[in-house]
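Participant: everything below, folded, please.
(2 chains)
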Amino acid sequence: MASHTATAKPTIVLDMSWLESPAHTTRLSFRGTPAAIAAASSVFGVPLPTSACRSATVGSRSALWQGPDEYLLIAPESERTLIIQALTNELSAHAHSLVDVSHRQNGLIVKGPHAVWLLESGCPLDLDLSQFPIGMCTRTLFEKSEITLWRLAPDIFHLEVWRSFTEYVIALLSETARELAA
Amino acid sequence: MLVIHCPYCGDRPELEFSHGGQAHVIRPKDPSQATDAQWAEFLYLRKNTRGLFAERWRHVRGCGRFFNAIRDTTTDQFVVTYRAGEQPPASVVGGAL
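Facilitator: Okay, the predicted model is just below:
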């Protein structure tokens, strides 16, 4: 008869060098009319991209296209209050929506020679450089979780994952990493 | 996987989309003036077309926008997609809708 006494699980040491957490970040969800978008571009200091699924970066600030009138603004955490105040003042004359979503989601950086392989295990998009060039960003799915996928370099991706799904996404990526390593 | 053309984002996998029912259903301008029959028709009555059908779709896991599509309900082929608020291209539809 099988023993039901608990035995210690074997320790599995996973190579996690493909995963990094970016620095603490200010995230703002911004929507507005074309006039508001133009005004926000000058205040934020980054031209908000008008072409679909593209991003723009100036210094430590980035603007990610999320929809035809919707952007995710990313900046260092220390500039949060400053940016919100500046945008709110400048945009008061325009119809817009500015929501601080800094703590709604977590950033993950997936990098290394297997980055594309890891992400394609759960993402239905074609991540070939010709189809998903550097600077492209889009909301999409990773398995059952909504993510924002943003390519920083051929083998470096930035993921924005909603907080409660972060563990799920990391666990699935780790599982694939283990298969790749095997 | 079925690839659907989002009018904003381009060709994307079916997984990212959700179906939004019949397109071009017009809400009565002043609901309080509409008869019960008119209101019931707006709320509940939908076509159940076999063949080319105008539908609303939403790129819910992408840009999040609603758009319209002409889809063949027997073959699941997307003939054309176009932005919300636009009329279906006459060349494709040929007055069939």
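
Participant: check contacts around the residue nearest to the spatial centre of chain A.
Facilitator: Geometric centre of chain A, nearest residue: A:E160, 2.7 Å, by CA atoms, centre = their mean. Shown in contact with A:E160 (CB atoms under 8 Å, 6 or more residues apart in numbering or on different chains): A:27, A:72, A:105-108, A:147-148, A:150. C-beta here means a position set from N, CA and C on the backbone, and glycine is covered the same way.

Participant: mind running it again at 7 Å?
Facilitator: A:105, A:107, A:147-148 (CB atoms under 7 Å, 6 or more residues apart in numbering or on different chains).

Participant: where does the residue nearest the centre of chain B land in three-state SS?
Facilitator: Centroid check for chain B by CA atoms, centre = their mean gives B:E55 as the closest residue, at 1.9 Å. Following DSSP: H, G, I helix; E, B strand; the rest coil, the label given to B:E55 is strand.

Participant: contacts for the longest helix along chain B next, please.
Facilitator: Across chain B, the longest stretch assigned as helix under DSSP state H is helix B:36-44. By CB under 7 Å, 6+ apart, the residues outside helix B:36-44 that reach it are B:25, B:27-28, B:31.

Participant: can you list those residues in a markdown table and add secondary structure, distance to A:S60 and neighbour count?
Facilitator: Shown next, in a markdown table, are the contacts of helix B:36-44 (DSSP: H, G, I helix; E, B strand; the rest coil; distance: CB to CB, whole Å; neighbours: other CB atoms under 10 Å in any protein chain shown):
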| residue | secondary structure | distance to A:S60 | neighbour count |
| --- | --- | --- | --- |
| B:V25 | coil | 47 | 14 |
| B:R27 | coil | 47 | 10 |
| B:P28 | coil | 52 | 13 |
| B:P31 | helix | 51 | 11 |
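
Participant: residue ranges with poor pLDDT in chain A?
Facilitator: Scanning chain A for pLDDT under 70 picks out A:1-14.

Participant: which stretches in it count as helices?
Facilitator: A:34-44, A:80-90, A:115-120, A:163-181.

Participant: ditto for chain B
Facilitator: B:36-44, B:90-93.

Participant: for A:W18, which non-adjacent residue is spatially closest?
Facilitator: A:G112 (4.4 Å; CB to CB, 6 or more residues apart in numbering or on different chains).
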